[in-house]
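In: Fold the following for me, if possible:
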Amino acid sequence: MSEKTTDALELLRNDIDKVDQQLLDLLKQRLNLVAKVGEVKHSAGLPIYAPNREASMLAKRRGEAEELGVSPQLIEDVLRRLMRESYQNEKNVGFKQVNPELDHVVIVGGNGSLGDLFKQMLSLSGYQVHVLDKDDWHLADILFDGVGLVIVSVPISKTCEVIKQKLANLPDDCILADLTSVKSEPINTMLETHSGPVIGLHPMFGPDVTSFAKQVMVICHGRQVEKYQWLLEQIKIWGAHLVEANADEHDEAMQVVQALRHFSTFAYGLNLFKSGVEIKQLLKFSSPIYRLELAMVGRLFAQNAELYADIIFAQKQNVNRVEHYADNYLECVDMLKNMDRELFVDNFNQVSKWLGDFAEQFQQESRVMLQSAADLKSR
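Out: Predicted coordinates for the structure are as follows:
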């Protein structure tokens with residue numbers, strides 16, 4: 001490279017550095033403004049996530065970007081990343097307390113990751129929260145005296161046992177809730193054990209989330225909805241999207257959404273292990289989409305084996321789901337053995353038609369994720 005070219009590049013790079021500094025200053029200004037918005041929302045008890053405002057703002061910015069000859073997707077990506085940072089920062093301000101009359105909260109199993117997350121969110125909302133874990137039952141009478149809300153966050157396999165044996169003498173007006181990923185049996189057990197308000201909660205996210213904004217929380221009503229309506233409002237203020245479902249509907253959906261998906265990932269990871277392949281070698285030749293698949297495998301096996309065993313073995317019907325999947329998989333293997341390309345194309349087109357408009361929607365969503373995966377790979 002000639003000296004003239006080197007000097008020209010250096011000048012341009014210096015100009016880029018100056019613009020980058022301006023961008024940093026502007027980003028800081030925007031984050032400061034969002035922090036002030038957060039303070040106003042928290043004092044007014046407004047949810048940190050306003051989907052209509054977000055959609056309107058993004059549409060406007062995309063249009064403005066297009067007029068400037070800038071990629072609309074670029075500005076949306078930048079703004080979405082900024083908003084995620086903002087939601088995380090807003091949480092640190094705290095939240096309005098919906099029910100200041102509540103005496104205190106006890107989280108059974110609160111030393112676990114999910115229980116600890118709810119302890120954090122309730123504490124940020126001004127509630128007095130106590131943790132009751134497996135070695136603390138000698139304190140149960142003291143902690144349950146006057147308690148207004150008890151949340152059960154223990155392994156699925158232990159949930160009903162703990163409810164039956166330990167939570168039969170709660171105050172009549174105490175709200176009893178659980179956080180398990182199956183709902184029918186725990187809710188029925190709570191209803192049989194406790195005479196007061198009962199609600200089943202299922203956070204459709206892991207304990208490693210940095211904000212509840214845009215996260216889904218499934219709500220399965222048990223008894224005396226009016227008594228725990230404040231809790232639902234509190235969760236909305238945290239930014240979560242509430243989805244109501246009856247317990248049976250929820251559990252049937254979880255057979256596909258959780259158990260089958262986790263089992264498939266487990267089986268694929270086990271197959272990679274038994275095949276003796278080297279992960280570094282796979283990454284060297286991986287496309288962005290395959291890197292994402294490996295990331296999901298890694299995410300599963302980076303977590304607690306007992307947790308996923310609980311989810312997969314929680315319902316006997318999960319076996320039927322997995323067996324049905326295995327049968328379909330073997331049919332696909334036979335298709336490959338027979339080199340039946342025509343049948344493959346026919347099946348492919350049937351699934352594509354079944355997906356309908358969702359196919360295009362998922363393709364667009366995955367494009368953004370694949371670009372992020374490609375960025376990670378380049379590092």
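
In: what packs against whichever helix or strand N320 is part of?
Out: N320 belongs to helix 317-337 when assigned by DSSP states H and E. When contacts are defined as 3 or more CB pairs under 8 Å, 6 or more residues apart in numbering; DSSP states H and E, helix 317-337 sits against helix 261-275, helix 341-355. No exception for glycine: its C-beta is placed from N, CA and C like everyone else's.

In: tell me the mean pLDDT for stretch 321-334?
Out: In this model, stretch 321-334 carries a mean pLDDT of 96.

In: Break the chain down into its structural domains.
Out: 3-91, 105-245, 250-378 (automatic domain parsing).

In: Mean pLDDT lowest where, among these?
Out: Going by mean pLDDT, the lowest-scoring of the domains of the chain is domain 3-91, which has a mean of 88.

In: re the thing from before, kindly compare burial across the helices and strands packed on helix 317-337 and name the winner.
Out: Comparing these by mean neighbour count (mean count of other CB atoms under 10 Å), helix 261-275 ranks first with a mean of 14.

In: following it, which helix or strand shows up next?
Out: Next element after helix 261-275 (DSSP H and E): helix 279-285.

In: List the buried residues for the following helix or strand past that next one?
Out: Downstream of helix 279-285, the first helix or strand assigned by DSSP H and E is helix 288-301. If you call a residue buried by 16 or more other CB atoms under 10 Å, then helix 288-301 has these buried ones: P288, R291, L292, E293, L294, M296, V297, L300.

In: ditto for stretch 75-89
Out: Quick answer for stretch 75-89 (16+ other CB under 10 Å): I75, E76, L79, M83, E85, S86, Y87, N89.

In: One more: stretch 194-210?
Out: Here stretch 194-210 shows H194, S195, G196, P197, V198, I199, G200, L201, H202, P203, P207 as buried, counting by 16+ other CB under 10 Å.

In: Kindly report the same for stretch 215-235.
Out: Quick answer for stretch 215-235 (16+ other CB under 10 Å): 215, 217-223, 227-228, 230-232, 234-235.

In: which two of those residues lie the greatest distance from each other?
Out: Q215 and R223 (25.6 Å; CB to CB).

In: Pull the CA coordinates from stretch 61-81 and hand them back as CSV.
Out: Below are the C-alpha coordinates for stretch 61-81, written out as CSV (Å, rounded to 0.1, in the frame of the first residue of the first chain):
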residue,chain,number,x,y,z
ARG,A,61,-37.4,6.5,12.5
ARG,A,62,-37.4,3.9,9.7
GLY,A,63,-39.2,6.3,7.4
GLU,A,64,-36.8,9.1,8.3
ALA,A,65,-33.8,6.8,7.7
GLU,A,66,-35.1,5.9,4.3
GLU,A,67,-35.4,9.5,3.3
LEU,A,68,-31.8,10.1,4.3
GLY,A,69,-30.6,7.1,2.3
VAL,A,70,-29.8,5.1,5.5
SER,A,71,-30.9,1.5,5.9
PRO,A,72,-34.2,1.5,7.9
GLN,A,73,-33.1,-1.9,9.4
LEU,A,74,-29.9,-0.3,10.6
ILE,A,75,-31.7,2.4,12.6
GLU,A,76,-34.2,-0.1,14.0
ASP,A,77,-31.4,-2.4,15.1
VAL,A,78,-29.6,0.5,16.8
LEU,A,79,-32.7,1.7,18.5
ARG,A,80,-33.8,-1.7,19.7
ARG,A,81,-30.4,-2.2,21.3
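
In: Many thanks, we can stop here.
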